[in-house]
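Trainee: Sequence plus predicted model, see below.
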Amino acid sequence: MFDNMSKAPIIQDMVEEVVEVIGFTAKYLPRKYSTALDPIFGEDPSSKFDTVWTLQILIDDYQEYGDVGDFYSKFGVSVTDEMKVSFTKKEFAEQTVATDDDTPIAGDLLYFTDAEALFEVTFVGNDSTFYPSPEGPAHIWTLTLKPWEYGGEDIDVADAEITALETEIETAVTDELATPDWDTMDDDILDLSEMNPFGST
Amino acid sequence: MFGTTFYHGTTKKLIVAFGSVFNNIHVIRSESDGTLIKDIQVPLAYESRKKYLARLIQDSKKNRQVPRMGFILTGLEADYTRSVNQMNEYTFTSATPNKATIMYTPIPYNFNFTLDVYVDYMDDGLQIIEQILPYFQPDFNIVVEEVPELEIRRDIPIELTGLNMVDEFEGDFSEQRIVNWQLDFVIKGWIYPPVREQGVVATVTTNYSTPDIVDEAGEQIPQPWFQLGTGI
């Protein structure tokens, strides 16, 4: 049946229905780049997130997601699990109709309510073989995600859950700065009475 | 060892001192016109810890935050080029009456440290590195209270011995780009021997006599010994 192009709308409806029925709601935050895009290093440390869209997400592959990908590195616990999700191009286009963001881009974020966590898009593919149809890939975006490493980017969206999570992350950083784990000794180790090379503070 | 338990914790103090040097580094995020967007203080942590405690500290649902720095003591070796006479003793007053606190000279050791910088953005890394490097030409002195109970404080040089950058940008698109800086330092510190108590010299007895005095017949004329006593 799939070699008959007249069935394309039916297949699209089926794909959208599958996503609607067995998918779940997630929030999509496109990354906004500022004027400070660095042409040399090809990066924008001042990028931010000020928009949130709600989408129905289908998890394609979560077998590698779990505790296996967690490892302890010199910079703390790193979560490297990957997850692949899909959502329909139609719904994404409906959400983004007012903007030019008609394509998901690596660097964008997804917030999963159940997990209370943000995930970063690391790869966007549209050649998914999830659906056994030539038209299948045309109907969905397939994204590879990993847990987001907060890099100081501003999240300024009108969403209580995401704002609370950002506050929680920033509080964790503030707490870490207030009491460094190595600075637990009562003694005054450094004698700065003669000269304070770090200034008056 | 040898029936004496002692621990000055000087290595731990050097770790704290090392962390204190790099504890207040900031990264600035700004627009192209210079407008400040964010001032981020870079967290610094000792890299090694029990893994189960690491899990307790960091919420497993959240990934780590960047930029961040870590440091670790990688080893130490004796540096006998700085050693002095091993039999020299430091003497200190003691709280115990008629006792003195003494200690042999400390042993010079070089403590090797590594400071790792982990950033998501190249510019963040350069900001951090350029704030550190000017202080080390090649060393930077700090005054460390090594044995506070004996009021021993020393100028301790921290020498920058190496700098390395890793920018892993090649590979699969789903792989994360990693920008790491690694700075190697040597702290020229000291390991202190045990502190002992010793009685003080309260009395010094000095015996002396004048040269032999003889009479005309050559017979020695007995002379009394003179004794001096000095209380200290």
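Mentor: Sure thing, it's come through. None of the values given here were measured: they were computed from a predicted structure.

Trainee: any chance you could map the strands in chain A?
Mentor: Applying DSSP state E to chain A gives strands spanning A:24-29, A:48-49, A:53-61, A:70-73, A:76-79, A:83-88, A:109-112, A:117-125, A:140-147, A:154-155.

Trainee: what about the helices in the chain?
Mentor: Just so you know, I chose chain A. Using DSSP state H, the helices assigned to chain A run over residues A:8-22, A:89-95, A:136-139, A:160-178.

Trainee: hmm, I had chain B in mind actually
Mentor: Using DSSP H, the helices of chain B run over B:10-21, B:51-57, B:122-132.

Trainee: Of those helices, which is nearest A:Lys74?
Mentor: Ranking these by distance to A:Lys74, with Cβ to Cβ as the measure, places helix B:51-57 first at 11.2 Å. (Each C-beta comes from the backbone N, C-alpha and C, glycine too.)

Trainee: pLDDT averaged over the closest one - what is it?
Mentor: Average pLDDT, helix B:51-57: 64.

Trainee: same deal with stretch B:189-201?
Mentor: For stretch B:189-201, the mean pLDDT works out to 87.

Trainee: With mean neighbour count as added columns, please give the strands of chain A in CSV.
Mentor: As requested, the strands of chain A are exported to CSV (neighbours: other Cβ atoms under 10 Å in any protein chain shown):
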stretch, mean neighbour count
strand A:24-29, 19
strand A:48-49, 21
strand A:53-61, 18
strand A:70-73, 14
strand A:76-79, 19
strand A:83-88, 23
strand A:109-112, 22
strand A:117-125, 20
strand A:140-147, 23
strand A:154-155, 18
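
Trainee: Export those strands to TSV and append columns for mean pLDDT and distance to chain B.
Mentor: Shown next, in TSV, are the strands of chain A (pLDDT from 0 to 100; distance: least, Cβ to the nearest Cβ, whole Å):
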stretch	mean pLDDT	distance to chain B
strand A:24-29	91	15
strand A:48-49	91	8
strand A:53-61	86	12
strand A:70-73	70	5
strand A:76-79	72	5
strand A:83-88	87	9
strand A:109-112	92	10
strand A:117-125	89	4
strand A:140-147	87	4
strand A:154-155	90	7
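
Trainee: Could you dump these into CSV and include distance to B:Glu89?
Mentor: Output for the strands of chain A, formatted as CSV (distance: least, Cβ to Cβ, whole Å):
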stretch, distance to B:Glu89
strand A:24-29, 68
strand A:48-49, 64
strand A:53-61, 70
strand A:70-73, 45
strand A:76-79, 45
strand A:83-88, 66
strand A:109-112, 65
strand A:117-125, 61
strand A:140-147, 58
strand A:154-155, 61
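
Trainee: Quick check: buried residues in the longest strand anywhere in chain B?
Mentor: Ranked by residue count, the top strand of chain B under DSSP E comes out as strand B:152-168. Buried residues in strand B:152-168, counting neighbours by 16 or more other Cβ atoms under 10 Å in any protein chain shown, are found at B:152-154, B:156-158, B:160.
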